[in-house]
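Peer 1: Turn this into a model:
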Amino acid sequence: MIIQTNQTSRRQDWVSFLARAIVLSLFFLIPCQPVNALDERIVFDPYTGLSIGGYDPVAYFVTGSAIQGVDDYEEIYGDTYWHFATEGNAAAFRAAPAAYIPGFGGYAMAAVARGVAQPGNPTLFAIHRNRLYLFASEDERQAFFADPEAMITAAAARWPEVLKLLAY
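Peer 2: Purely as a prediction, here's the structure:
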């Protein structure tokens, strides 16, 4: 039988307090990297609720092409519906959705760089540095390929302004 004294109780309280203080201070000391426009607003069809036209966001990375998802493999994330071509793609999305959501929420990157909230075309895409981006036209996509870093930087700079244009 263990008898706990007031001194033991105070020591345990102090240790518990110290442990919580260390964990809390680490939270503030760890540098937080802003996610490259991880996307407070995601493009979706207001009638169906489908993100990026129902295309499978994982398929872009797996197959390198835009593949339409199906109703059988549906996930809800970010208040929108996401469709997938396979259960494996749906599982990959569930495990790491931020890795597959298009940059700038699926808005056309070149339009965002101009300060405009124009939905991207899910069939006009590029993957750069493991991030999916959508475009409104083939010309915009080709301009991206000419200097991806410049367009990403310009879009990231204008993204806060574009977010203000979007309804909640």
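Peer 1: all contacts plus neighbour counts: C-alpha atoms, from now on.
Peer 2: Fine.
Peer 1: Identify the residues contacting stretch 49-59?
Peer 2: 42-45, 65-70, 80-85, 89-90, 92-93, 100-102, 106, 120-122 (C-alpha atoms under 8 Å, 6 or more residues apart in numbering).
Peer 1: start to end distance for that stretch?
Peer 2: Start-to-end span of stretch 49-59 (C-alpha to C-alpha, to the nearest Å) is 20 Å.
Peer 1: same check, this time on stretch 135-152
Peer 2: 12 Å.
Peer 1: how about it: buried residues?
Peer 2: Residues 135-136, 140-141, 144, 148, 151-152 are the ones in stretch 135-152 that count as buried (16 or more other C-alpha atoms under 10 Å).
Peer 1: Run through the helices of this structure in chain order.
Peer 2: 6-29, 59-63, 87-95, 109-113, 138-146, 148-165 (DSSP state H).
Peer 1: rank those helices by mean pLDDT and give me the bottom one.
Peer 2: For the helices of the chain, mean pLDDT drops lowest on helix 6-29, to a mean of 43.
Peer 1: In strands only, show me the contacts of stretch 49-59.
Peer 2: Residues of the contacts of stretch 49-59 located in strands (DSSP state E): 70, 80-84, 121-122.
Peer 1: Return the item of those having minimum pLDDT.
Peer 2: Lowest confidence among those: Thr80, with 92.
Peer 1: Look at the closest residue to it other than its chain neighbours and report its pLDDT.
Peer 2: Leaving aside its chain neighbours, Thr80 sits nearest to Gly49 (5.4 Å; criterion: C-alpha to C-alpha, 6 or more residues apart in numbering). Here, the pLDDT recorded for Gly49 equals 92.
Peer 1: The chain - how does it break down into domains?
Peer 2: Domain ranges of the chain: 44-97, 102-168, per automatic domain parsing.
Peer 1: ok, back up a step: can you redo the buried residues of stretch 135-152 as a markdown table with distance to Ala113?
Peer 2: Below are the buried residues of stretch 135-152 laid out as a markdown table (distance: C-alpha to C-alpha, whole Å):
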| residue | distance to Ala113 |
| --- | --- |
| Phe135 | 11 |
| Ala136 | 12 |
| Glu140 | 11 |
| Arg141 | 13 |
| Phe144 | 11 |
| Pro148 | 12 |
| Met151 | 7 |
| Ile152 | 8 |
